[in-house]
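S.K.: Attaching a predicted model along with its sequence, questions to come.
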Amino acid sequence: MVDVRGTAGPAVLLLPGGAEAVDGFFPGLAEGLIADPGARVLLYDRPAAPLAGASADLHAMLGEAGLGPVVVIGQSLGGAVALLLARDHPGDVAGLVLLDPSPVNDVAGAGQVERAMRVILALSRVPLAGRAIPALMRKAVERSGKGRDEPPEIRAARERMRDVDLEKLGRAAEGLEALARGFREADLPRVPAVVVTADRKPTARMRQAHRRLAEALGAPLLSWPGAQHEVHLSHPGEVLEACRRVVSSLRA
């Protein structure tokens, strides 16, 4: 079921990373876009798997709700799904904001992500490792917010990341490499867009994949010092402004 917030302005679809629920994943983003420049923000929990069917599911949802075309804001795996929707159903997509998207345009990078998720999922089913992996992930989340003076809603979003469902996360990335093999950047529509990449070396494989996406879309490639994979949490103000830029271009 889709939850629409706001009463006027371009429609905006939020796609969280992994297999996370959308409510609370992007703290303050919906409220910020509704306030300025004005938007109708769609909250929809897409099925976690199969990934290959994600664009068809979103296309059906938008058609039934009569809400397209939309600006799609996707983080991590949600960014990859946004790209698949834009390629498969360009009439559904009015704009794109890709927040450190999973590398659906890079076969080797997509394979690394999928294999890493497969290993985590397998280890999580082993009694001793199954207890250790969630603890390690919780520590990683704690480190990501350490030393940051973050508002309560950002801290709450990080807390939810600590309790990730490993089964759902592992299934969510299944098929990413196969999708990457059939993905061509040239098939993407030219719509108002922004690509945001985490603070990595210019030679990093992920950053290079993001650069190619930005070039294919004719979009700026944005990054900021200290930007994390969860850039919507490490740099929420900058992300909101990037989203406003795309949504405002449609209002104009």
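M.R.: Yep, it's here. Note that this is a predicted model, so its numbers are computed, not measured.
S.K.: From here on, just use CA atoms for contacts and neighbour counts.
M.R.: OK.
S.K.: Helices of the stretch 151-252 of the chain, residue ranges please.
M.R.: 152-162, 166-172, 176-181, 205-217, 231-234, 236-251 (DSSP state H, counting those that start in this stretch).
S.K.: Put the alpha carbons of the fifth one into PDB.
M.R.: Right, the one you point to is helix 231-234. Extracted in PDB, the C-alpha atoms of helix 231-234 (Å, rounded to 0.1, in the frame of the first residue of the first chain):
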ATOM      1  CA  VAL A 231      24.800   9.800   2.800                       C
ATOM      2  CA  HIS A 232      21.200  10.700   3.600                       C
ATOM      3  CA  LEU A 233      22.300  10.400   7.300                       C
ATOM      4  CA  SER A 234      25.800  11.700   7.200                       C
END
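S.K.: hmm, who's touching that helix?
M.R.: 26-27, 99-100, 145, 154, 157-158, 198, 226-228, 239 (CA atoms under 8 Å, 6 or more residues apart in numbering).
S.K.: How about the last one?
M.R.: Where contact means CA under 8 Å, 6+ apart, the residues beyond helix 236-251 that reach it are 9-10, 27, 29, 32-33, 36-37, 39, 71, 73, 94-97, 192-194, 231-232.
S.K.: What residues sit buried inside it?
M.R.: Buried positions in helix 236-251, judged by neighbour count with 16 or more other CA atoms under 10 Å: 236, 238-240, 242-248, 250.
S.K.: Which single one of the residues you listed is nearest to Ala86?
M.R.: Of all the buried residues of helix 236-251, Ala86 sits closest to Val246, with 15.2 Å by CA to CA.
S.K.: where does the closest one land on pLDDT?
M.R.: Reported pLDDT at Val246 in the predicted model: 98.
S.K.: how far away is it from Gly170?
M.R.: Here the criterion is CA to CA, to the nearest Å. By it, Val246 lies 32 Å from Gly170.
S.K.: what does Leu83 give?
M.R.: Relative to Gly170, and taking CA to CA, Leu83 is found at 20 Å.
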